[in-house]
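> Need coordinates for the following:
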Amino acid sequence: MAIADDAFETGPDPDHSGWNQWNLRDETLFNTAVLGRMIVRREDERCRLRMFPQRRHENLQGMIHGAATQGLIDIALFATLHTLGRDDAGPSVTLEISTQFIGGGDPKRPLDAVSEVMRETGRLLFVRGTVEQDDDIVAAYSGIVRKLPPR
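Okay, here's the model as predicted:
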């Protein structure tokens, strides 16, 4: 089941050559309301999902809040499935995310979740990746997504 065209804007991003948009059309839903505008691109067998941190994503130390990083990771699981051609993964839900925070995120630089599918079974997808800013690693993660039967 492909991502519904009426729910997502996934076409080429007009401001970033080689990138596609990854935004909900309904800006009041979590993805856009909390994390803001995102872009995505395929890099061989990996998917890079990028968010642009804003003041609202900072914690008291002036770094990107861990919850914003976790939200990006969760959205990256599904962006990865779509971007790598696994449209049959929807509808689906996150079963588990394991995250290891390695460094603080700089709110002045884009934050990227770079993911790859490790294994796919009939109902499960196993994804792993890192959250990066240039050469700096902010976090490492793995996640399990369960594909649900069509509604």
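
> For stretch 105-118, the averaged confidence score.
Average pLDDT, stretch 105-118: 98.

> ugh, typo on my part, it should be stretch 67-74
On average, stretch 67-74 scores 98.

> and if you look at stretch 24-41?
Stretch 24-41 carries an average pLDDT of 93.

> Just the CA atoms of it, as CSV, please.
Extracted C-alpha coordinates of stretch 24-41, given in CSV (Å, rounded to 0.1, in the frame of the first residue of the first chain):
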residue,chain,number,x,y,z
LEU,A,24,2.2,15.9,5.9
ARG,A,25,-0.3,18.1,4.0
ASP,A,26,-2.1,18.5,7.3
GLU,A,27,0.4,20.7,9.2
THR,A,28,-1.5,20.3,12.5
LEU,A,29,-0.4,16.6,12.8
PHE,A,30,2.7,15.6,14.7
ASN,A,31,5.4,15.5,12.0
THR,A,32,5.0,19.0,10.7
ALA,A,33,3.5,20.6,13.8
VAL,A,34,6.3,19.4,16.1
LEU,A,35,9.4,18.9,13.8
GLY,A,36,8.7,21.3,11.0
ARG,A,37,9.5,20.9,7.3
MET,A,38,11.6,17.8,6.4
ILE,A,39,13.3,16.6,3.2
VAL,A,40,14.5,13.1,2.2
ARG,A,41,16.8,11.5,-0.3
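
> That concludes my questions; thank you for your assistance.
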